[in-house]
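Participant: predicted structure and sequence below. I'll ask about it afterward.
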Amino acid sequence: MEPKIMHKKAFTAIGFSKDLKTDSNLEEFNELWSKFNNNIEQIEKRKGNLNIGIYQNKFEDGLPLEEFNYTAAAITDDDANIPDGMNKIQIPESDYTIFTHLEGYETLNNTYKYIYDEWLKKSDHQLAQTPSFTMVLQSFLTGAIEIEIHVPIIKSKVLT
């Protein structure tokens, strides 16, 4: 699984948030997305129809802890109002490594495990302490679902 590395400009997102852990079950994410989808019309100034899942990791010694804040969100204009119960998140400009996961939600943790336990350790990058996010894309031709995982990175070392 070879990622793409891409620079992304800062953007704003608005949605519902919840504190979760890496071993949280899929139902907790589904409940949050259901709540978001039922209230999406309250979010003004949305940019397109692409929604994202934002992971705001908690860090210790530069490594993410098992606890994180997750937000089901829509990308919006910076000046959009925040509906009751929702949060506005500013995602700073950053370089990202982008992994494409094709195997469904049930095995998504395996891809995250690969990213953090293997790819980052072997690469010349380290995790930037800014939010990561996922985008769910669907192929118009095949109907297949792709999950793009955007992990913020900074150049850290020279490989020998």
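Facilitator: In hand now; what should we look at?
Participant: dihedrals phi and psi, the spatially most central residue of the chain?
Facilitator: The centroid of the chain falls nearest to Phe133 when counting by C-alpha atoms, centre = their mean (1.2 Å). Reported as degrees, to the nearest 10, the phi and psi values for Phe133 are phi -150, psi 160.
Participant: thought it was touching Asn51?
Facilitator: No. Judged on C-beta atoms under 8 Å, Phe133 makes no contact with Asn51 at a distance of 10.2 Å. C-betas here are computed from N, CA, C, even on glycine.
Participant: the residue nearest to the centre of the chain pairs with what?
Facilitator: Counting by DSSP bridges, Phe133 is bridged to Ile54, His150.
Participant: pLDDT value on it, please?
Facilitator: Per-residue confidence (pLDDT) for Phe133: 95.
Participant: for Asn109, same thing?
Facilitator: Reported pLDDT for Asn109: 82.
Participant: check Thr12 too.
Facilitator: For Thr12, pLDDT reads 96.
Participant: could you find the closest non-adjacent residue to it?
Facilitator: Nearest residue to Thr12 in three dimensions, chain neighbours excluded: Asp78, at 4.8 Å (C-beta to C-beta, 6 or more residues apart in numbering).
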